[in-house]
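> Coordinates for the following, if possible.
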Amino acid sequence: MRQAHEKEDRDVTSHPSRRAVRGAFVTTAAVVAAVLPTTPATAQPSAADALAKFNELSQKATQLNQDKLKAQGDLAAKQGELDRAEATLATAQEAARLQRGQVDLLTEVSYSGARFNQLSALLVSDSQQDFLNRMSALNVLAADNAEAMQKLTSAIDAADAATRTADEATDASKKLLAEIEQKSADLQKQLNDARTQYDSLNASTKSSLKNAGDTSTIQAPPGTAGKALQFALDQRGDRYVHGATGPDAWDCSSLIQAAYRSANVSIGRTSYDQAKAGRAVSRGEVKPGDIIVYYSGQSHVAMAVDSVRAVHASTEGVPVRIADIDSIGPISVIRRISD
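Numbers count the residues shown, from 1 in each chain. Have a look, this model is predicted:
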């Protein structure tokens, strides 16, 4: 049998027409092999992968949003410094105008031919006492003018320096804001891509994400922290929007700021500022109303409902709702605003 197969192979390879047929078969097989993948095709991203990517980009957007808000706050502060510097300069310029009148008077007398000095005082004096009076007046006037000019010069120099400093700071803040705006624009494109993936999720997954979760009545404790917590709980179901400040849409830090504002406590606008508010407490000490700041960059913030749960505005596409404290993200710091 083996000899028969060998003979057949010899016949195929030796006969010209048979060689052509075999060559055509080999060529066709090579083409097919080139077209068909030699390894399994790369699978399309799963719904879970798309959601994970969306969450990743949203978290970056949250940090950029906080950076942008901080830059805007810095810009406002620098503008305040500039306004104060300009007010100082205006005061100095008014002082210059008043003091310059005395200098102009002396200059005018000097140009009219009178030398207002010791010799001229001696020549025009009627007596020794008159001379002394004139010299005393001259010295007082000269001293006053010298002091006034010195103060004027110092004030103008200080105001000019303050103005330059404020201008430089304002330019730096504007540049920073422009950079962050560009980063926001770049991230927006990535976020749009993530939304496309998000849109591919099945209906049940989307419904789960849009669910406001536990909206049952929760009794907040009395006091300042309890009042702030009650405000945050009342916003459950509201939308998350980067930069929003209510009343029906929030970002993470605006919700916390508004909650404490409702309790007549002023805290910073950004999660960075809120991470420094009040005093630090440990994870085991958490109680209602405490502020919980997440991630190493401190870019997200929530409010403790109790020792286990927190309410927060989490990310775009997800409403304000309650979540397990430790499931939200890695905790950076916990702050207690009011005992």
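
> nearest spatial neighbour of the residue nearest to the spatial centre of the chain, skipping sequence neighbours?
With distances taken as C-alpha atoms, centre = their mean, residue 67 lies nearest the centre of the chain, 1.6 Å away. Leaving out its chain neighbours, the residue that sits closest to residue 67 by C-beta to C-beta, 6 or more residues apart in numbering is residue 180, at 5.3 Å. For every residue, glycine as well, the C-beta is placed using N, CA and C.

> Past whatever helix or strand that neighbour lives in, which element shows up next along the chain?
Using DSSP states H and E, residue 180 sits in helix 128-199. Downstream of helix 128-199, the next assigned helix or strand under DSSP H and E is helix 203-210.

> what residues does that following helix touch?
47, 51, 198, 201, 317-319 (C-beta atoms under 8 Å, 6 or more residues apart in numbering).

> Tell me how far that helix lies from the chain's centre.
Here helix 203-210 is found 30 Å from its chain centre; the criterion is C-alpha atoms, centre = their mean, to the nearest Å.

> could I get the following helix or strand past it in CSV with only the CA atoms?
Heading C-terminal from helix 203-210, the first helix or strand you meet, by DSSP H and E, is helix 224-234. Extracted C-alpha coordinates of helix 224-234, given in CSV (Å, rounded to 0.1, in the frame of the first residue of the first chain):
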residue,chain,number,x,y,z
THR,A,224,-24.9,70.4,62.0
ALA,A,225,-23.5,67.2,60.5
GLY,A,226,-27.0,65.7,60.5
LYS,A,227,-28.5,68.7,58.8
ALA,A,228,-25.8,68.5,56.1
LEU,A,229,-26.4,64.8,55.6
GLN,A,230,-30.1,65.3,55.3
PHE,A,231,-29.5,67.8,52.5
ALA,A,232,-27.3,65.3,50.6
LEU,A,233,-29.8,62.5,51.1
ASP,A,234,-32.5,64.7,49.7
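
> quick check: domain ranges of the chain?
Following automatic domain parsing, one gets these domains for the chain: 49-199, 214-336.

> In terms of mean pLDDT, which of those ranks lowest?
If you rank these by mean pLDDT, domain 49-199 sits at the bottom with a mean of 71.

> and the contacts of helix 203-210, which are buried?
With burial judged by 16 or more other C-beta atoms under 10 Å, the buried subset of the contacts of helix 203-210 is 51, 198, 201, 317-319.

> quick one: the strands in the stretch 201-339 of the chain?
For the stretch 201-339 of the chain, the strands defined by DSSP state E, counting those that start in this stretch occupy 239-240, 249-250, 279-280, 291-294, 300-304, 309-312, 321-324, 331-336.

> Parallel or antiparallel, which strands does the last one pair with?
If you go by DSSP bridges, strand 331-336 pairs up with strand 279-280 (antiparallel), strand 291-294 (antiparallel).

> so it versus helix 224-234, what angle?
Using axes from the mean of the first three to the mean of the last three C-alpha atoms, to 10 degrees, the direction of strand 331-336 lies 120 degrees away from that of helix 224-234.

> Could you check the angle strand 331-336 makes with strand 300-304?
Going by the same axes, to 10 degrees, strand 331-336 makes 50 degrees with strand 300-304.

> got the buried residues for strand 331-336?
Within strand 331-336, the residues scored as buried using 16+ other C-beta under 10 Å are 332, 334-336.

> Repeat that for stretch 272-280.
272-275, 277-278.

> Please convert the residues you listed to TSV, extending it with distance to residue 236.
Shown next, in TSV, are the buried residues of stretch 272-280 (distance: C-beta to C-beta, whole Å):
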residue	distance to residue 236
272	25
273	24
274	20
275	24
277	23
278	24
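
> from the residues you listed, which ones fall inside helices?
272-274 (DSSP state H).
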